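> Here's my sequence, what's the structure:
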Amino acid sequence: MAKNKTIENDLSVRDFLNTVPDENKRADCFHLLDIIAEITGFTAKMWGTAIIGFGSYHYKYESGRAGDAPLVGFSPRKDTIALYLSSAFNDREELLAKFGKHKTGKACVYIKKLNDIDVEVLKEMISNSVAKISSLYP
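Predicted coordinates for the structure are as follows:
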């Protein structure tokens with residue numbers, strides 16, 4: 001079975017974020033560090049070379065695949081910031097409807113900048129996501 005490439009490591013979160021070329025996106029990412037740390041109570045850690053995660057959990061699927069993942073995380077991408085949340089947290093659709101300008105994937109929510117969203121709704125989404133994952137993988 002293949003080994004996960006995206007694992008928690010000791011790379012510097014701040015050094016990584018300082019490589020984000022867009023000044024506004026870099027500032028938004030540093031602000032996200034503070035927001036997510038405040039909500040989760042966890043210190044930011046690098047997962048792989050491009051994902052910043054907070055906390056962790058161990059999962060095991062019926063297929064036998066298992067691994068570790070951050071409870072919540074984000075990654076500055078070329079055009080967006082990807083927010084890694086549970087795909088089934090409580091009130092997901094209602095919160096996304098109030099969230100502001102975004103796009104979604106299965107478990108990711110993509111934003112361009114913090115000014116496009118309601119940060120208070122983001123905080124609720126983070127809290128609900130952590131609660132959902134923690135209930136599935138105690």
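
> measure Phe74 to Lys113 for me?
Look at Phe74 and Lys113: by C-beta to C-beta, to the nearest Å, they are 13 Å apart. Glycine gets a C-beta too; all of them are placed from N, C-alpha and C.

> swap in Pro21?
Counting by C-beta to C-beta - Pro21 and Lys113 are separated by 15 Å.

> same thing with Ser127?
22 Å.

> Comparing Pro21 and Lys113, which shows the higher neighbour count?
More crowded of Pro21 and Lys113, by other C-beta atoms under 10 Å: Lys113, with 15 against 8.

> ranges for the helices of this protein?
Taking DSSP state H as the test, the helices found in the chain are 13-17, 23-40, 92-99, 119-136.

> what pLDDT does Ser63 get?
Note on Ser63: pLDDT of 86.

> okay, now it: neighbour count?
Residues near Ser63, counting by other C-beta under 10 Å: 7.

> cool, and the one 5 residues further on?
As a burial measure, Asp68 scores 15 neighbours (other C-beta under 10 Å).

> wait, doesn't it sit right on Thr6?
No: counting by C-beta atoms under 8 Å, Asp68 stays clear of Thr6, with 9.3 Å between them.

> Can you work out which residues contact both of Phe74 and Lys113?
Jointly contacting Phe74 and Lys113 under the rule C-beta atoms under 8 Å, 6 or more residues apart in numbering are Ile81.

> quick one: contacts for the residue lying closest to Leu33 once chain neighbours are set aside?
Nearest residue to Leu33, sequence neighbours excluded (C-beta to C-beta, 6 or more residues apart in numbering): Ala44, at 5.3 Å. Contact analysis of Ala44 by C-beta under 8 Å, 6+ apart lists 13, 33, 36-37, 52-54.

> how many neighbours does the residue nearest to Val130 when sequence neighbours are not counted have?
Nearest residue to Val130, sequence neighbours excluded (C-beta to C-beta, 6+ apart): Leu71, at 5.1 Å. Burial measure for Leu71: 23 neighbouring residues, criterion other C-beta under 10 Å.
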